[in-house]
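**Student:** Turn this into a model:
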Amino acid sequence: MKKEFLNIKHANLFLLINFLLITVLILRDIFYMQNGVLGNHNDSGLTEWLINYQGGFGKRGLPGEIFYQLNNYINIQANYLWIVICLSSYFILLYFFLKKIKNIFSIELITSTIVLGMPVYTGFLWKKDVFGILLLLFCLQLFKLRSLFSLKFILINLISIIALLSHETFIFYGFAPLYFISFFLWNKKNNLFKKFFMSAFFFSPTIFICIIVLFEIGSSSVMTSFERAHLIHHSWDSLWLKIEGSIPDTPGGSLHYLSYVNFENAFFWELNIFERPITFLSWFFLIFLCFIFIINMSFSTSLKNRILLFKILFSQLLFVSPLFLMPVSGDWSRWIFFWTASSLAIFLFKFKYWITEFSHFDGFLKILLNSKIFNFKLKNWKLFLIGFPYVNHMMSPFNYFMVTPIGKSLAGLKKLLFYLYNFL
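**Tutor:** Next up is the predicted model:
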């Protein structure tokens, strides 16, 4: 009894410290925005949201175009919209997970760097990633509602298209699983072949947009990308005057990266297995740890549910895996967040397609999930030691430590002592 009480006490301590850290880090970012450190033309978070269609149609431009129209015609300042949408998306997502996980997962796991702590600790809270996962939640919820088929068809495709035109990565972590989940809509007597084509018809508007987005990515040239980046940058001249008091000559942040395209060594460019094997193995080990922590920190004792969880985690990892092979971006922390957050969302909605249709490996999974590696109790304090550096090649002992909760805590304590020393 005493041991159980101590475990509860330690769990509450972890939650308290973790929530406090997340709150402090968010407030710090807002303070930096007010003082020009963040939220300027060099901020990758803000500029990603400001990509619009003023330089012609292109990927990720829908939110920015909406921001542009509101900024210019209703006088709602775009950077304020950005802050409100990012924070609202994060807290809605946090509310959803905390509401749904009762008796399924520990709160410590959800608030850790493995799931919802990652955007804050790693520093991509102000990008579109959390917003994308939120749109996926809306689609999953619509699949669960007993509404008219036509209404589901319109709303799910509409939300999916908004997500795709916000960021093309939704194809991998969002659209791919939604396509298979849509098999639930069809009669159980239909075979897989028929369900596949029925779902293709259901998602035909989204598939059409997917093709347009992928074609736009593949056909971009350096010159057109460069021109588009400058046109978008200068479409926000009035905003730069308000934020910075002057108009920067060249685009920065995400607009800077938009201004060039490089598809050389497209496959395994980022892996660098031979050039940086330790880096690759470190990330591989982190992904493996996510598997271990998520399954071991689930409260479900049902082997069937654990098999379902493993299948969802594995299938989502396969869907997201092309992102790790992208030639330009190395934001592996973000891809891992897409994987973990989307997997848990699908599992919490109790879509059991992975159980009913793909049962060929259940015998192997029973043996695997009954092994010791998936059947030991993890101490909550170990979550303080897990972190995800922003970019894959930034993996080093110091960079890794600085994105863990304990690293952030010590860095904050150091700054506090420094300010107190100067003040006194």
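**Student:** Which phi and psi values does Lys366 adopt?
**Tutor:** Backbone geometry at Lys366, expressed as degrees, to the nearest 10, gives phi -60, psi -40.
**Student:** residues contacting it?
**Tutor:** 303, 307 (CB atoms under 8 Å, 6 or more residues apart in numbering). The C-beta positions use only the backbone N, C-alpha and C, and glycine is treated the same way.
**Student:** Also Leu309?
**Tutor:** By CB under 8 Å, 6+ apart, Leu309 lies in contact with 294-295, 298, 300, 343, 347.
**Student:** How much space separates it from Leu93?
**Tutor:** 19 Å (CB to CB, to the nearest Å).
**Student:** roughly how far apart are Lys242 and Leu165?
**Tutor:** From Lys242 to Leu165 the distance is 26 Å (CB to CB).
**Student:** Between those two, point out the one with more neighbours.
**Tutor:** Between Lys242 and Leu165, Leu165 has the larger neighbour count (other CB atoms under 10 Å), namely 21 against 13.
**Student:** Can you check the pLDDT for that one?
**Tutor:** The model reports Leu165 with a pLDDT of 96.
**Student:** about what we covered before: now list the buried members of the contacts of Leu309.
**Tutor:** 294-295, 298, 343, 347 (16 or more other CB atoms under 10 Å).
**Student:** The stretch 1-150 of the chain: helices as residue ranges?
**Tutor:** 2-34, 44-50, 62-69, 78-100, 107-111, 118, 129-144, 149-166 (DSSP state H, counting those that start in this stretch).
**Student:** Now do the buried residues in the third one.
**Tutor:** Of the residues in helix 62-69, those buried under the neighbour-count criterion (16+ other CB under 10 Å) are 62-68.
**Student:** again, but for the fourth one
**Tutor:** For helix 78-100, the buried set under the neighbour-count rule, 16+ other CB under 10 Å, comprises 78-79, 81-83, 85-87, 89-90, 93-94, 96-97, 100.
**Student:** Name the member of the contacts of Leu309 with the shortest distance to Asn422.
**Tutor:** Taking CB to CB as the measure, Asn422 lies nearest Ile294 of these, at 43.3 Å.
**Student:** Return the set of buried residues in the helix or strand hosting the closest one.
**Tutor:** Following DSSP states H and E, one finds Ile294 within helix 277-296. Neighbour-count burial for helix 277-296 flags 279-280, 282-283, 286-287, 290-291, 293-296 (criterion: 16+ other CB under 10 Å).
**Student:** how big is the angle separating the helix or strand following that helix from helix 277-296?
**Tutor:** Along the chain past helix 277-296, the next helix or strand (assigned with DSSP H and E) turns out to be helix 303-324. Here helix 303-324 runs at an angle of 150 degrees relative to helix 277-296 (axes from the mean of the first three to the mean of the last three CA atoms, to 10 degrees).
**Student:** low pLDDT regions in the stretch 1-150 of the chain?
**Tutor:** Applying pLDDT under 70 to the stretch 1-150 of the chain picks out residues 1-11.
**Student:** go with 80
**Tutor:** Low-confidence segments of the stretch 1-150 of the chain, defined by pLDDT under 80: 1-14, 102-103, 147.
**Student:** Tell me how far Leu255 lies from Ile295.
**Tutor:** Counting by CB to CB - Leu255 and Ile295 are separated by 41 Å.
**Student:** on that earlier part again, outside of the helix holding Ile294 itself, list whatever touches it.
**Tutor:** 105, 109, 112, 114, 271-273, 306, 309-310, 313, 317, 332, 336, 339-340, 343-344, 369, 373-378, 383, 386, 388, 392-393, 395, 400.
**Student:** Try it again at 7 Å.
**Tutor:** 109, 114, 271-273, 306, 309-310, 313, 332, 336, 340, 373-374, 376, 378, 386, 388, 392-393, 395 (CB atoms under 7 Å, 6 or more residues apart in numbering).
**Student:** What's the PyMOL line that selects buried ones from those residues?
**Tutor:** This is how PyMOL selects the buried members of those, with burial counted by 16+ other CB under 10 Å:
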select buried, resi 109+114+271+306+309+310+313+332+336+340+374+386+388+392+395
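**Student:** Now go through the contacts of helix 277-296 and say which are in helices.
**Tutor:** In helices, judged by DSSP state H, the following of the contacts of helix 277-296 are found: 109, 306, 309-310, 313, 332, 336, 340.
**Student:** If you count contacts, what does the helix or strand hosting Leu344 end up packed against?
**Tutor:** Here Leu344 sits within helix 332-348, counting by DSSP H and E. Secondary-structure packing of helix 332-348 (3 or more CB pairs under 7 Å, 6 or more residues apart in numbering; DSSP states H and E): helix 129-144, helix 277-296, helix 303-324.
**Student:** And the ones you listed: which comes nearest His41?
**Tutor:** That would be helix 129-144 among the helices and strands packed on helix 332-348, by CB to CB, at 21.1 Å.
**Student:** Name the residues that touch the closest one?
**Tutor:** For helix 129-144, contacts defined as CB under 7 Å, 6+ apart pick out 85-86, 89-90, 92-93, 96, 119, 152, 155-156, 159-160, 162-163, 166-167, 169-170, 174, 178, 181, 184, 334, 337-338, 341-342, 345-346, 349.
**Student:** ditto for stretch 108-124
**Tutor:** 11, 14-15, 18-19, 22, 25-26, 90, 93-94, 97-98, 101, 125, 129-130, 290, 293-294, 297, 333-334, 337, 340-341, 344, 380, 383, 386-388, 390, 403-405, 408.
**Student:** Which PyMOL command selects the buried ones in those residues?
**Tutor:** This is the PyMOL syntax for the buried subset of these, where burial follows 16+ other CB under 10 Å:
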select buried, resi 11+14+18+22+25+26+90+93+94+97+101+125+129+130+290+293+294+297+333+334+337+340+341+344+380+383+386+387+388+390+403+404+405+408
